[in-house]
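Undergrad: Curious how this folds, go ahead:
(4 chains)
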There are 2 protein chains.
Amino acid sequence: MAINKSLLTGSTTMLILKLLEIHDMYGYQMIEQLAARSNHTFSLKAGTLYPLLHTLEQQGMLTSYEDQADSTRVRKYYSLTKKGRGMLAEKQDEWRKYTSAVNQVLQGGANLAAL
Amino acid sequence: MAINKSLLTGSTTMLILKLLEIHDMYGYQMIEQLAARSNHTFSLKAGTLYPLLHTLEQQGMLTSYEDQADSTRVRKYYSLTKKGRGMLAEKQDEWRKYTSAVNQVLQGGANLAAL
DNA sequence: ATATAGTATATAGATGATCGATATATGCTA
DNA sequence: TAGCATATATCGATCATCTATATACTATAT
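TA: Residues are numbered from 1 along each chain as shown, chains lettered A, B, ... in the order given. Purely as a prediction, here's the structure:
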């Protein structure tokens, strides 16, 4: 698939970067937020999220710190880096291109070329 | 991912069913059509398509027949069954739900719930 | 005539994203 | 103090897709 072998399978990364765009969050919170903001269409699994967060941190897209904040419990917060913001922009662009291409096919195709 | 573990990863099936909605096609033609109708965003690989066609035929979504048609060459044409049309309708519905959920998250979320 | 490129179908093995299962530990509430 | 929600983490399995490879036929150029 030209654009990106995996997208949605791949949109997961975009979605969690997006969540961090406005303010820092900890893992469990991202799972809840994603469910809430998508009207429970998504239920991202912990087994998917945590390894992904570790990978993104290694790639320099995120940084993490522990904080007790307004909770009694220490949580691990993630923060989007400049590089991460760049990645988010790219992913969003890909997402737009990909969905518009699919929608074009669903509408019978823009280029009704030959056939 | 609630709706369907794989979608786009999974949209491929929807796209080829969609191609067959109007008239029968052979494999190679589907690859070309998909590229043309998506402005070359998609380049479905033969190694992905043929096994998929075989699976869909086994599931009763498609039937196939060989025909020389207006070519000098015998080609294997695929035809969408009633069951296949049902599957297409379902997949399109899923696609709409999924993309609107992603777009909701990208727009900051419909349910700006708590956070 | 013959090499090359495009058409057409097919399969096997590799890769990579996500999930389910499982583990651990803490905090809240009945 | 038992049970449930919160919170993070890892491992193995699954599944869709890709790359590579194979085969064979057709058309075109040399």
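
Undergrad: does chain B sit close to the longest helix seen in chain A?
TA: If you go by DSSP state H, chain A has its longest helix at helix A:82-106. Yes - with Cβ under 8 Å from any Cβ of the partner chain as the measure, helix A:82-106 is seen reaching chain B through A:92, A:95, A:97-99, A:101-102, A:104-106. The way it works is simple: take the backbone N, C-alpha and C, and place the C-beta from them, glycine included.

Undergrad: residues of that helix that come out buried?
TA: Applying a neighbour-count criterion of 16 or more other Cβ atoms under 10 Å in any protein chain shown, one finds A:84, A:87-88, A:91, A:94-95, A:97-99, A:101-102, A:104-106 buried in helix A:82-106.

Undergrad: filter the residues you listed down to the ones close to DNA strand C.
TA: Among the buried residues of helix A:82-106, no residue lies close to DNA strand C (Cβ under 7 Å from any atom of the strand).

Undergrad: Please produce TSV containing those, extended by pLDDT.
TA: Compiled in TSV, the buried residues of helix A:82-106 are given as follows (pLDDT from 0 to 100):
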residue	pLDDT
A:84	97
A:87	95
A:88	96
A:91	91
A:94	89
A:95	91
A:97	89
A:98	89
A:99	92
A:101	91
A:102	93
A:104	94
A:105	95
A:106	95
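
Undergrad: Tell me how far residue A:66 lies from residue A:31.
TA: 19 Å (Cβ to Cβ, to the nearest Å).

Undergrad: of those two, who's got more company?
TA: residue A:31 (21 against 10; other Cβ atoms under 10 Å in any protein chain shown).

Undergrad: residues touching the more buried one, list them.
TA: Shown in contact with residue A:31 (Cβ atoms under 8 Å, 6 or more residues apart in numbering or on different chains): A:43-46, A:49.

Undergrad: same thing but 7 Å
TA: A:44, A:46, A:49 (Cβ atoms under 7 Å, 6 or more residues apart in numbering or on different chains).

Undergrad: Please list which of those residues also come close to DNA strand C.
TA: Checking the contacts of residue A:31 against DNA strand C by Cβ under 7 Å from any atom of the strand, the ones in range are A:44, A:46.

Undergrad: Now rank the contacts of residue A:31 by neighbours and give me the top one.
TA: residue A:44 (21 neighbours).
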